[in-house]
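[1] got a predicted model here, sequence first, then my questions.
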Amino acid sequence: MVSHSELRKLFCSADAVCFDVDSTVIREEGIDELAKICGVADAVSEMELVSRLHERNVQVFLISGGFRSIVEHVASKLNIPSTNVFANRLKFYFNGEYAGFDETQPTADSGGKGKVIKLLKEKFHFKRIVMIGDGATDLEACPPADVFIGFGGNVIRQQVKENAKWYITDFVELLGALEE
């Protein structure tokens, strides 16, 4: 079993860090916020963490089972390029009516976050990827992620809290680890 100290070292030496979005980077579930385009303004420590990772030349990705239109908005606030966003795409008919979602996106399937991480490793040859999230789908993405950090700053999910080897409730802890 990997010690907490070793997990911190793995996080600090990551090539890429992937964040879940709903209830991790943003406080609410995206579907609830679709009408008002979620509150990203309060995400100060999240923004600082992403900035610090960028300064260290760490690639940052947002992987969500939510909707790409919302996640891209969040990504732009965090200076994450839309090419680093993996989420479900909504489909509409030519007359503007909702037609469902794009089922070809890896995040549309069970185990989709793990599929995205595997794809990132193959495409970019990352040696170490960290997944950070609040839910069971984030937890099950490790492996192929090398490290999973459970996040309970907005919602505490008991399964994640009990099974994550490193569980945080504030991104300030990760900022502190980067400064050691």
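    Okay, I see it.

[2] going forward, measure contacts between C-alpha atoms and count neighbours the same way
    OK.

[3] neighbouring contacts of the helix or strand containing residue 116?
    Assigned by DSSP states H and E, residue 116 belongs to helix 112-124. The contact list for helix 112-124 (CA atoms under 8 Å, 6 or more residues apart in numbering) reads 63-64, 86, 106-107, 126-127, 129, 137-138, 140-145.

[4] ok, residue 147 to residue 58 distance?
    15 Å (CA to CA, to the nearest Å).

[5] more crowded one of those two?
    residue 147 (25 against 18; other CA atoms under 10 Å).

[6] circling back: alpha carbons of the helix holding residue 116, as CSV, please.
    Taking C-alpha atoms only, helix 112-124 is exported to CSV below (Å, rounded to 0.1, in the frame of the first residue of the first chain):
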residue,chain,number,x,y,z
GLY,A,112,-15.8,6.6,-19.6
LYS,A,113,-13.5,8.6,-17.4
GLY,A,114,-11.0,5.6,-17.3
LYS,A,115,-11.3,5.4,-21.1
VAL,A,116,-10.3,9.1,-21.4
ILE,A,117,-7.3,8.6,-19.1
LYS,A,118,-6.2,5.6,-21.0
LEU,A,119,-6.5,7.6,-24.2
LEU,A,120,-4.5,10.5,-22.7
LYS,A,121,-1.7,8.1,-21.7
GLU,A,122,-1.6,6.6,-25.2
LYS,A,123,-1.8,9.9,-27.1
PHE,A,124,0.6,12.0,-25.0
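
[7] now the buried members of the contacts of helix 112-124.
    63-64, 86, 106-107, 129, 137-138, 140-142, 144-145 (16 or more other CA atoms under 10 Å).

[8] for the nearest residue to residue 153 once chain neighbours are set aside, give me phi and psi.
    Distances taken as CA to CA, 6 or more residues apart in numbering put residue 169 closest to residue 153, at 3.9 Å, once the chain neighbours are dropped. Recorded main-chain torsions at residue 169 are phi -120, psi 0, according to degrees, to the nearest 10.

[9] contacts only, for residue 169.
    Counting by CA under 8 Å, 6+ apart, residue 169 has contacts 151, 152, 153, 154.

[10] okay, and for this protein, where does confidence drop off?
    1-4, 22-46, 91-93, 98-102, 106-109 (pLDDT under 70).

[11] close enough to count as contact, residue 53 and residue 60?
    Yes. Distance between residue 53 and residue 60: 7.4 Å, which falls inside the contact criterion (CA atoms under 8 Å).

[12] looking at these two, which has the bigger crowd around it?
    residue 60 (24 against 20).

[13] just checking, what packs against the helix or strand harbouring the more buried one?
    Using DSSP H and E, residue 60 sits within strand 59-67. Using 3 or more CA pairs under 8 Å, 6 or more residues apart in numbering; DSSP states H and E, the elements in contact with strand 59-67 are strand 16-19, helix 30-33, helix 44-55, helix 68-77, strand 85-88, helix 112-124.
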